[in-house]
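Undergrad: model the structure of this input:
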Amino acid sequence: MSRARGKRYDQEPKLNLKKVFAVVIAIIVIIMFIFIINGVISKGEDKGKITSKSYFTVFKDNKWGVIDSDGEIVIDPAYEEMIIIPDSKKDVFVCTYDVNYETGEYKTKALNSQNSEIFTEYEQIETIQNSDVSNNLWYESNVLKVKKNGKYGLINLDGKQILNTDYDEISAISGIENSLKTKKDGKYGIVNTAGTTIIQNKYDDITNLGKDDKSGFIVKNEEGKFGVVSYYGTEILEAKYDGIEKISKNEMYVINEAKTQKLIKKDGTVVLQKGFDKIKAILSNKENGIIFEKDKKYGVMDLDGKATISAQYEDLVEATDGIFIAKKDGKYGVIDLANKQKVEFKYLSASYNEKADIYILEDEKATATILNSKFETKLTGILNELNEEKGYIKIRIDDEYKYYNFKFEEKETKDILTSNTLFLSKKDGKYGFVDKEGKVVVDYIYDDAKEQNSCGFAAVMKDGKWGSVDTKGNVVLEPKYNLDNYIEIDFIGKWHLGQDMNLNYYVQ
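TA: Take a look at the predicted model:
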C-alpha cells in the first residue's frame with residue numbers, strides 16, 4: 001500500500017520569480033562592474049592612469065629609466081636624457097631622445113607603465129618646468145605642453161586637450177604656480193593650468209607682480225610702458241610707468257619714473273618718493289610703512305616719510321606685524337618696530353614660519369633654536385623637518401629623533417606617521433624598529449637609521465654603509481653604500497636617492 005504524499009508535495013515545485021529576478025539583476029550588475037573595470041584598465045593602457053603605486057626616475061649605467069614604489073623597474077634605464085614624471089601617482093613618463101646639441105633639436109614622447117607610447121597625435125610633448133628663488137625645481141603636475149602643426153597647446157595627463165594648439169610659445173612664470181605665459185601673434189597673455197585664459201594676448205611682455213598668481217601681473221605695452229593687471233584681467237595701474245617693481249601690499253605699488261622709485265596708491269597718488277635709495281618691501285600694517293634701503297643699509301620708514309628705524313642693518317625682513325628679522329655684523333637676530341632687540345644677534349641664519357608661528361635660528365654648527373611667538377626657547381637640536389600639512393616638527397635631540405606639534409607637545413612617532421608599519425627605535429646606542437604595539441621587529445643592530453618612507457622602505461646604516469629594509473623589517477639591501485656626502489638618505493628597494501636634490505632621482 002502506497003503512502004500518501006504530504007500536502008507540500010501535492011503539486012510540482014514552482015519557481016520563486018522574485019528570487020530569480022533578484023539573482024538576474026545581481027548578475028547583470030556584476031557583469032557591468034567587470035566591464036567598467038576592464039574599460040578603466042584598457043583606457044589606462046592607452047592613457048595615463050591613477051594607480052596605488054608611485055613612480056620615480058632612476059639613473060643607472062649613465063642611462064635614465066623609471067621604477068615604481070616597490071623598487072621594480074617599469075622603464076628600463078636606456079635613455080640618454082632624464083625621464084620626467086610630472087605626477088608621481090600617474091604613469092605618464094616624458095622622454096627626450098635624438099638630441100642634437102649643436103642645433104638644439106630633439107624629439108620627445110610619452111610612455112605609460114606598459115612601456116607603450118601615448119599621446120601619439122602630437123609632434124612634441126613636454127613637461128612644464130618651474131623653479132623658485134632657491135632654485136628648487138618642480139613640474140606642473142597635471143598639464144603637458146604639446147605641439148601640433150608647429151603650434152603649442154595644453155593637455156592634461158589623461159590626454160584631454162585643455163588649450164588649443166594655437167600658440168607660438170607656452171612657458172612657466174618663474175616661481176608662480178597655475179599661471180602660464182603664452183605668446184600669440186607676437187603678443188603675450190596668461191592662461192591657467194586648467195586652460196582658462198586669464199589675460200588676453202595683447203601685451204609686449206608680461207610677468208608676475210607677487211609670489212602667487214592672485215597678486216596680479218606686470219604688463220608692458222607697445223610704447224614700452226608698464227602697468228598692473230589683476231588676476232581677472234582688469235587694469236589696476238595704467239601702463240604709463242617706466243618700470244614697476246615686484247612689490248605690492250595694501251593696494252600700494254612701487255613704480256619707477258625718471259630713474260626714481262616711488263610708492264603710489266592704485267589711483268596713482270604718490271605716497272613716498274624721497275628719503276631712500278630703494279624700497280625693499282611694503283609692511284603688512286600700512287601704518288608701519290615700508291622697509292627702505294639707504295647707502296646699502298636697511299631701515300623702516302612710515303608713510304609720512306619718518307625713519308622709525310634708521311638704515312643700519314645689513315638685511316631686514318618683516319616676520320609679523322611690527323617684528324623684524326635683522327642682520328648686523330654678519331649675524332641675525334630679531335627686533336621690534338621700536339628697534340628693541342627681541343633675540344640676540346648671534347645666529348648664522350634666521351627665519352619665521354607663519355603657519356607654525358615659530359622662529360627658527362641656526363648657528364654655525366647647524367643647531368637650530370626654535371622659539372615661540374613670545375621669543376621663548378622651546379626646542380634646540382638639528383631640525384630635520386617642519387611639516388606644515390600635518391602640523392609637526394621633527395628634530396634630532398641628543399642623537400634621537402623626536403616629534404612635536406606646533407604647540408610643542410611631544411608626540412609618539414605612531415601618532416605622527418599613522419600609515420607606517422615600522423617605527424624607528426633606539427636602545428643602548430643602536431637603532432632598530434618596532435611595530436605600533438612597541439614589539440621589536442628589527443633588532444637593535446644598526447648604527448643609524450631613518451624612518452620608514454611613504455613607499456614602505458627604511459634606510460639603515462652599519463659600519464658607515466647604508467642599505468634598506470621593507471615594511472616587515474626584512475633586509476632588502478645589506479648596507480653597502482657610503483652616503484656621507486648626501487644631504488638626504490632615502491631608499492626605494494635597492495635604489496637610493498641621488499645626490500642632486502633638485503632632480504629627485506634614485507640610483508644604484
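
Undergrad: is it correct that Ile236 is in contact with Gly216?
TA: Yes - counting by Cβ atoms under 8 Å, Ile236 does reach Gly216; the two are 6.2 Å apart. For the C-beta atoms, the positions are set from N, CA and C on the backbone; glycine is no exception.

Undergrad: show me which of the two is the more surrounded one.
TA: Gly216 (22 against 17; other Cβ atoms under 10 Å).

Undergrad: which residues does the more buried one contact?
TA: If a contact means Cβ atoms under 8 Å, 6 or more residues apart in numbering, then Gly216 has 209-210, 228-231, 236, 248 as its contacts.

Undergrad: please apply the same query to Tyr359.
TA: Applying Cβ under 8 Å, 6+ apart, we find Tyr359 in contact with 319, 325, 334, 343, 350-353, 370-372, 375.

Undergrad: among those, which ones are buried?
TA: 319, 325, 334, 343, 350, 352, 370-372 (16 or more other Cβ atoms under 10 Å).

Undergrad: ok, residues contacting the helix or strand containing Glu318?
TA: Assigned by DSSP states H and E, Glu318 belongs to strand 315-320. With contacts defined as Cβ under 8 Å, 6+ apart, strand 315-320 is touched by 280-281, 283-284, 291, 298-300, 309, 324-327, 332, 334, 352, 354, 359, 373.

Undergrad: pLDDT on that strand, on average?
TA: The average pLDDT within strand 315-320 is 98.

Undergrad: got the CA positions of it in PDB?
TA: The C-alpha coordinates for strand 315-320 follow below in PDB (Å, rounded to 0.1, in the frame of the first residue of the first chain):
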ATOM      1  CA  ASP A 315      69.300  92.900   6.000                       C
ATOM      2  CA  LEU A 316      65.800  93.400   7.300                       C
ATOM      3  CA  VAL A 317      62.700  91.200   6.800                       C
ATOM      4  CA  GLU A 318      59.300  91.600   8.300                       C
ATOM      5  CA  ALA A 319      58.300  88.400  10.200                       C
ATOM      6  CA  THR A 320      55.000  89.500  11.700                       C
END
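
Undergrad: ok, and what's touching the next helix or strand after that strand?
TA: Remark: after strand 315-320, the chain's next helix or strand is strand 323-328, criterion DSSP H and E. Under the criterion Cβ under 8 Å, 6+ apart, residues 291, 298, 300, 309, 312-319, 332-337, 342, 345, 350-352, 359 lie in contact with strand 323-328.

Undergrad: which ones among those are found in strands?
TA: 291, 298, 300, 309, 312-313, 315-319, 332-336, 342, 345, 350-352, 359 (DSSP state E).

Undergrad: picking that back up, from the contacts of Gly216, which is closest to Glu257?
TA: Using Cβ to Cβ, Val228 comes nearest to Glu257 of the contacts of Gly216, at 14.6 Å.

Undergrad: against which helices or strands is the helix or strand harbouring the closest one packed?
TA: Val228 is located in strand 226-229, with elements delineated by DSSP H and E. In terms of contacts (3 or more Cβ pairs under 8 Å, 6 or more residues apart in numbering; DSSP states H and E), strand 226-229 is packed against strand 217-220, strand 235-241, strand 243-249.

Undergrad: any idea which of the ones you listed gets closest to Thr418?
TA: Checking the helices and strands packed on strand 226-229 against Thr418 by Cβ to Cβ gives strand 243-249 as the closest, at 38.8 Å.

Undergrad: can you give the strand pairings for the closest one, parallel or anti for each?
TA: Applying DSSP bridges to the sheet, strand 243-249 is found paired with strand 252-257 (antiparallel).

Undergrad: kindly export the strand it pairs with (C-alpha atoms) in PDB.
TA: Provided in PDB are the C-alpha atoms of strand 252-257 (Å, rounded to 0.1, in the frame of the first residue of the first chain):
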ATOM      1  CA  MET A 252      50.100 100.200  -2.900                       C
ATOM      2  CA  TYR A 253      52.800  99.700  -5.500                       C
ATOM      3  CA  VAL A 254      56.400 100.700  -6.200                       C
ATOM      4  CA  ILE A 255      56.900 102.300  -9.600                       C
ATOM      5  CA  ASN A 256      59.900 103.900 -11.400                       C
ATOM      6  CA  GLU A 257      59.700 107.300 -13.000                       C
END
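
Undergrad: the next helix or strand after it - what's its average pLDDT?
TA: Downstream of strand 252-257, the next assigned helix or strand under DSSP H and E is strand 260-265. Averaged across strand 260-265, the pLDDT comes to 97.

Undergrad: compute the inter-axis angle for strand 260-265 and strand 243-249.
TA: Orientation check (axes from the mean of the first three to the mean of the last three Cα atoms, to 10 degrees): strand 260-265 against strand 243-249 gives 40 degrees.

Undergrad: mean neighbour count, the helices and strands packed on strand 226-229: which tops it?
TA: strand 217-220 (a mean of 24; mean count of other Cβ atoms under 10 Å).

Undergrad: wait, doesn't Ile155 sit right on Lys147?
TA: No - using Cβ under 8 Å, Ile155 is not in contact with Lys147; the gap is 11.0 Å.

Undergrad: those two: which is more packed in?
TA: When Ile155 and Lys147 are compared on other Cβ under 10 Å, the one with more neighbours turns out to be Ile155, at 23 against 17.

Undergrad: identify the residues contacting that one.
TA: Contacts of Ile155 (Cβ under 8 Å, 6+ apart): 119, 122, 143-144, 146, 161-162.

Undergrad: how about it, phi and psi?
TA: Dihedral pair for Ile155: phi -130, psi 160, per degrees, to the nearest 10.

Undergrad: so what's it bridging to?
TA: With DSSP bridges as the criterion, Ile155 is bridged to Leu144, Gln161.
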